[in-house]
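Novice: Sequence first, then the predicted structure, then my questions.
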Amino acid sequence: APTITGIIPSFASNAETATLTISGTNLYTGGLYKIKKGATEIDLINVRYPGSTSATGWLSLSGAPTGKYDIVGTNTAGTSVTTITQPFSVYGIPSITSITPSSSVNTTAVTITISGSSFTGATSVKLDDYFSTSLTNVNIIDDSNITAVVPAGLYSGRFSVLITTPVGTNPSSEAKFDVLFDKDAVTTQYAGIVDGTKVEIPPGTFTQNGVILISGTPTNGTLVTEVNNNMSGNIIKLLPALNNTLREITLSNGAFNSGKKVKISIPFSGVTDNFTKSQLKLFTIDEVHKLWVLVSGSSMDTVNSKIEGETDHFSVYRVCQYATTAQDLNSVALYPNPVDFNDSTLVNGVIKFVRITSGSNINIYTIAGDLVLTLNDKDTKGSSFNDSVNGFAYWDGKNETLEKAARVCYIYLIRDSSGNKTSGKIIVK
């Protein structure tokens with residue numbers, strides 16, 4: 001009679017055809033071998049016999065129930081059967097369909113029930129949060145249900161639960177768990193994701209409990225592309241190495257309390273020279289003027305290679321190189337010039353002044369010397385806009401009363417607070 005003493009491997013995935021080698025004695029050609037669990041029996045096929053002490057074949061495990069299986073061997077005549085109890089296990093890649101409850105404030109621990117499939121043999125249950133937090137008190141109820149405790153003190157965010165079995169870990173799923181910040185907490189709280197992006201939340205910042213959502217894929221990609229296209233020629237440089245710093249940060253509910261701000265920090269890599277690093281700043285999208293604008297208090301955390309800044313609202317952010325503003329007006333440029341304000345392809349319908357100094361004021365005159373428009377620093381008039389702090393300004397071809405200027409030649413005069421000045425012509429076609 002065949003005698004089975006061991007098997008290699010001791011487990012396999014139910015998404016594959018596995019090779020199984022049986023060790024023992026009297027394993028002669030013509031013997032029948034299979035794994036068995038309840039009513040489920042799977043034959044070892046295409047068996048090869050290097051000798052009487054081993055047999056190797058294939059197990060077609062696709063869709064097989066998870067769990068522990070017996071090994072059954074039968075001799076050629078079928079008169080002698082040997083069985084080893086549960087030496088072989090079939091595992092699956094977990095799939096999660098629901099998490100109950102689906103949210104909790106981060107100031108208290110909470111027990112959650114995770115439902116899905118292929119949980120048998122789970123060795124790890126984690127969140128894909130900032131710290132890849134392991135859940136505690138994990139109880140595998142059955143193949144479809146696990147209970148576990150989400151600890152207190154976590155960073156706010158919307159996270160997947162990741163369950164690992166000996167054959168793999170589930171991918172991120174639609175079922176998420178929200179870790180809410182507590183609006184009444186008396187200590188600083190945080191939001192963050194596993195890549196190191198973090199939001200620091202001082203006490204009393206928000207009107208309601210909520211979750212801060214951080215994504216590397218903004219919902220309005222068209223807006224981001226348009227803003228990027230508008231930055232040509234600016235002192236703000238969109239370095240390709242920093243494209244992976246793009247983040248959209250949103251608040252699930254509630255709002256900022258008046259006068260409150262949060263600190264945002266975004267990690268960066270790929271910039272190695274110290275001079276360029278010294279010019280890195282945090283920027284956010286100005287949705288009205290469709291520009292990247294500097295975030296208040298932007299600075300560098302050199303120890304952790306992060307760029308930080310403070311804000312009282314959420315939007316889209318990224319790290320940019322912020323070149324030193326012009327020291328004089330000798331390199332001012334305008335484009336396009338000549339300009340046709342009726343041209344539907346004109347970007348934002350404006351002519352752009354670049355490389356102006358901080359604190360510059362712009363006056364536009366007719367050839368006869370009549371004032372058409374004054375744009376002092378930070379002025380917005382129609383689509384005209386002066387952002388001299390960031391080294392540029394727009395003119396939309398309209399006067400102070402927002403009437404379209406005639407198609408003639410105009411004179412611009414730029415003066416800054418240091419007494420620098422420059423002038424030139426604008427041709428409107």
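Specialist: Everything's here; your move. In this text, all values refer to a predicted model and were calculated from it rather than measured experimentally. Residues are numbered from 1 along each chain as shown.
Novice: Show me the shaky parts of the stretch 101-250 of the chain.
Specialist: 232-234 (pLDDT under 70).
Novice: where along it do the helices fall?
Specialist: 221-230 (DSSP state H, counting those that start in this stretch).
Novice: what residues are up against Leu294?
Specialist: By C-beta atoms under 8 Å, 6 or more residues apart in numbering, the contact set of Leu294 is 281-283, 322, 389-390. (Each C-beta comes from the backbone N, C-alpha and C, glycine too.)
Novice: remind me, longest strand of this structure?
Specialist: The strand spanning the most residues in the chain, taking DSSP state E as the definition, is strand 81-91.
Novice: Run through who's touching that one.
Specialist: 1-4, 6-7, 10-14, 20, 24, 35, 37, 61, 64-74, 118, 120-121, 165-167.
Novice: By neighbours, which of the contacts of Leu294 wins?
Specialist: Leu282 (28 neighbours; other C-beta atoms under 10 Å).
Novice: For the strand or helix carrying that one, list the C-alpha coordinates in CSV.
Specialist: Per DSSP states H and E, Leu282 falls inside strand 280-286. In CSV, the C-alpha atoms belonging to strand 280-286 read as follows (Å, rounded to 0.1, in the frame of the first residue of the first chain):
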residue,chain,number,x,y,z
LEU,A,280,11.3,75.1,-4.0
LYS,A,281,8.0,76.4,-2.6
LEU,A,282,4.5,75.2,-2.2
PHE,A,283,1.9,76.5,-4.7
THR,A,284,-1.9,76.3,-5.0
ILE,A,285,-4.3,76.9,-7.9
ASP,A,286,-6.0,80.3,-8.1
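Novice: Can you spell out which helices and strands pack onto that strand?
Specialist: Secondary-structure packing of strand 280-286 (3 or more C-beta pairs under 8 Å, 6 or more residues apart in numbering; DSSP states H and E): helix 221-230, strand 291-294, strand 296-301, strand 306-311, strand 316-322.
Novice: Now render the ones you listed as a markdown table, adding distance to Gln189.
Specialist: Output for the helices and strands packed on strand 280-286, formatted as a markdown table (distance: least, C-beta to C-beta, whole Å):
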| stretch | distance to Gln189 |
| --- | --- |
| helix 221-230 | 28 |
| strand 291-294 | 26 |
| strand 296-301 | 19 |
| strand 306-311 | 16 |
| strand 316-322 | 19 |
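Novice: Can you say which of those is nearest to Ala152?
Specialist: Taking C-beta to C-beta, strand 306-311 is the member of the helices and strands packed on strand 280-286 nearest to Ala152, at 25.6 Å.
Novice: which strands and helices sit next to the closest one?
Specialist: Checking 3+ C-beta pairs under 8 Å, 6+ apart, strand 306-311 ends up next to strand 262-267, strand 280-286, strand 296-301.
Novice: how about 10 Å then?
Specialist: strand 198-201, strand 262-267, strand 280-286, strand 296-301, strand 316-322 (3 or more C-beta pairs under 10 Å, 6 or more residues apart in numbering; DSSP states H and E).
Novice: Tabulate the CA atom coordinates of that strand in CSV.
Specialist: Extracted in CSV, the C-alpha atoms of strand 306-311 (Å, rounded to 0.1, in the frame of the first residue of the first chain):
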residue,chain,number,x,y,z
LYS,A,306,9.2,68.3,2.4
ILE,A,307,7.8,71.6,1.4
GLU,A,308,5.3,73.2,3.8
GLY,A,309,2.8,76.0,3.8
GLU,A,310,-0.3,77.3,5.6
THR,A,311,-3.8,77.7,4.2
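Novice: quick one: that strand to chain centroid distance?
Specialist: 17 Å (C-alpha atoms, centre = their mean, to the nearest Å).
Novice: show me what contacts Val408?
Specialist: 366-368, 426-429 (C-beta atoms under 10 Å, 6 or more residues apart in numbering).
Novice: Restricted to buried residues, select those in ChimeraX.
Specialist: Applying 16 or more other C-beta atoms under 10 Å to the contacts of Val408, the buried members can be selected in ChimeraX as follows:
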select :426,428
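Novice: related to what we said a few turns ago, quick one: which of the contacts of Leu294 is nearest to Ile214?
Specialist: Leu282 (14.0 Å).
Novice: May I see the helices and strands packed on strand 306-311 organised as JSON lines, with distance to Pro218 added?
Specialist: Below are the helices and strands packed on strand 306-311 laid out as JSON lines (distance: least, C-beta to C-beta, whole Å):
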{"stretch": "strand 198-201", "distance to Pro218": "16"}
{"stretch": "strand 262-267", "distance to Pro218": "14"}
{"stretch": "strand 280-286", "distance to Pro218": "9"}
{"stretch": "strand 296-301", "distance to Pro218": "20"}
{"stretch": "strand 316-322", "distance to Pro218": "5"}
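Novice: Could you work out which of these reaches nearest to Asn229?
Specialist: Nearest of the helices and strands packed on strand 306-311 (C-beta to C-beta): strand 280-286, 12.8 Å.
Novice: tell me the mean pLDDT over the closest one?
Specialist: Averaging pLDDT along strand 280-286 yields 94.
Novice: Relative to that strand, what are the paired strands and their orientations?
Specialist: Strand 280-286 pairs in its sheet with strand 291-294 (antiparallel), strand 316-322 (antiparallel), by DSSP bridges.
Novice: residues in contact with the closest residue to Asn229 other than its chain neighbours?
Specialist: Excluding the flanking residues, the one nearest Asn229 by C-beta to C-beta, 6 or more residues apart in numbering is Val347, at 6.6 Å. Residues in contact with Val347 (C-beta under 10 Å, 6+ apart) are 226, 229-230, 232, 290, 335-336, 394.
Novice: cool, and Trp395?
Specialist: 334, 339, 341, 350-353, 362, 364, 372-373, 375, 381-386, 405, 410, 412, 426, 428.
Novice: now Gly168
Specialist: Per C-beta under 10 Å, 6+ apart, neighbours of Gly168: 13, 15, 91-94, 118.
Novice: Could you tell me how far it is located from Glu16?
Specialist: Applying C-beta to C-beta, to the nearest Å, the value for Gly168 to Glu16 is 11 Å.
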